[in-house]
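Colleague: based on what follows, work out the 3D shape:
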Amino acid sequence: MPERPRRGRWVLVLVLVAGLSACSGILGFEEPQHPADSGAPPTAADAETPPVDAPAQPEGDGPPEASDAPVTAFDGATAPDAPFGTDDASVPDAVVVAIVDASIADAAVPVIPDAAMDARLPDAPLAPPPDARPIPDAPLVCPPDCPPCTTIADCAPNEFCDVAGGHICKPKLTDGTSCPVGANEQCLHGHCITEGSISLCCDAGCTQGCKSCLASRTGASDGRCANVVGGMDPKGSCPALECRTGVCDGNGACGLSLDGAPCETGGSCCTGVCVQERSDPANCGMCAQICPVGGGETCASGVCGAADWALWRMPNATADTAKGAPNPMSYHDNHDKTVTDLVTNLMWMQDVTGPVTIDMASTICPGRIAGGYVDWRLPTLIELMSIVDENVIRATDPPPTINTTAFPNTIVGTYLTATAVATSPGSTWAINFANGGTMPVNSGSFYIRCVR
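Modeller: The predicted model follows:
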């Protein structure tokens, strides 16, 4: 085929370039900068033209017809003089154009995909919806708003009026939460307990000495009133008395010494009380062993039975113990105007009363107070005989016949007992401490020494 005139080809090139430039302006594409304008050497990217979408495929089964028009490449270096007064500087150095025999007017307008358009938009944060509420820095105490108040009567049942916090109703404090001293109305269960330097809400008043609301004292949860751990006495409610441990027992009470433990002043401990188990009819020989009422029985040397000589361990004189007698005389001064016989475990008053008549004798001891005890009574014959000192009698020392170290200021005279004379109705046994002898009496005045 004969070669087409080159002038016609330049006309097509110029028209197509002009059309593409116009489309680029309409669609917002930037016009590529000519290397001559920037002063940088041309690159392959500078020479490329924007891609043009292919025209829509017409309906039909066959492939599109290919154009038989040749593809011509032009180079600014070999291009002829620009026709129609154009300048080579306005034409790119290298342009590849596909010329199709179809009419230029029928060419499809390039379509830019949505993704490409979105890529050109600047990034921007999404605006919140118009009804969105700002997120508060901290949750409200009583959402949505805490109601105002003047007194607790203005608040709901489980709220209190926080005057210091701005006169607003707030939920009551739960157990174990710190509370102002004495602010019971702020606690859910109405108890703001102060223990030492700590004040907190508790589920109960917890005022007992061996109970606490602090976990460090009970091992339970803070705010729960529970028993103090055994061995502690945080409130100082357990004094160290005889037959008592001086600390809490772990069951909510002050600890007691074990039953049967020896008393400091003689005898044994029974449920926290020191008793003379050798003579106490309610704890005879052991705690809670009670002698039968009636029948003339009593507790002698820890055994319930008739009050006769055979039941008693009598203190032995020095001469007797030297020969092997088992019970040397021994006393403990309690320094409270009482003395304890360590052989019989009887406790005696050191002071004496009298003289009094036989009719009055039975009323002298009951109700008297000595050594902190009130269960004093008139002694039996065998009990009073147990303190007669055989050492004085045998040594012919001057009376009274009693250990004057244990019983100072004893009056020499006859002392009455509670034992009746079985063979002489209306008569009572008495002991003369001038010589240690016994005698029945039915009249006259006598001295009284109380025992328990």
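Colleague: roughly how far does the nearest residue to residue 251 once chain neighbours are set aside sit from residue 255?
Modeller: Sequence neighbours aside, residue 227 is the residue nearest to residue 251 in space, at 5.9 Å (criterion: Cβ to Cβ, 6 or more residues apart in numbering). Using the backbone N, CA and C atoms, a C-beta is placed for each residue, glycine as well. Using Cβ to Cβ, to the nearest Å, residue 227 is found at 12 Å from residue 255.
Colleague: residues that sit against both of those two, list them.
Modeller: residue 248 (Cβ atoms under 8 Å, 6 or more residues apart in numbering).
Colleague: surely residue 375 meets residue 452?
Modeller: Yes - with contact defined as Cβ atoms under 8 Å, residue 375 counts as touching residue 452 (5.2 Å).
Colleague: neighbour-wise, which of these two wins?
Modeller: More neighbours surround residue 452 than the other of residue 375 and residue 452, with 21 against 14 (other Cβ atoms under 10 Å).
Colleague: and the nearest residue to residue 263 once chain neighbours are set aside, how far is that from residue 340?
Modeller: Distances taken as Cβ to Cβ, 6+ apart place residue 274 nearest to residue 263, at 3.7 Å, with adjacent residues excluded. To residue 340, residue 274 is 10 Å away according to Cβ to Cβ.
Colleague: what touches both of these two?
Modeller: The contact lists of residue 274 and residue 340 share 265-267, where a contact means Cβ under 8 Å, 6+ apart.
Colleague: who wins for neighbours among those residues?
Modeller: Of the shared contacts of residue 274 and residue 340, with other Cβ under 10 Å as the count, residue 267 tops at 24 neighbours.
Colleague: re the thing from before, secondary structure element for the residue nearest to residue 263?
Modeller: Here residue 274 sits within strand 273-275, counting by DSSP states H and E.
Colleague: how near is residue 426 to residue 209?
Modeller: 54 Å.
Colleague: okay, those two: which has more neighbours?
Modeller: The residue with more neighbours, out of residue 426 and residue 209, is residue 209; 16 against 10, by other Cβ under 10 Å.
Colleague: the closest residue to that one other than its chain neighbours: how many residues sit nearby?
Modeller: With Cβ to Cβ, 6+ apart as the criterion, residue 209 has its nearest non-adjacent residue at 2.5 Å, and that residue is residue 237. Residue 237: 15 surrounding residues under other Cβ under 10 Å.
Colleague: residue 237 and residue 381: what is the separation?
Modeller: 45 Å.
Colleague: with residue 418 instead?
Modeller: Taking Cβ to Cβ, one finds residue 418 at 8 Å from residue 381.
Colleague: next one: residue 227
Modeller: The value you get for residue 227 to residue 381, if Cβ to Cβ is used, is 50 Å.
Colleague: tell me how far the ends of stretch 441-448 are from each other?
Modeller: Stretch 441-448 stretches 14 Å from its first residue to its last (Cα to Cα, to the nearest Å).
Colleague: what's the burial count for the residue nearest to residue 263?
Modeller: 23.
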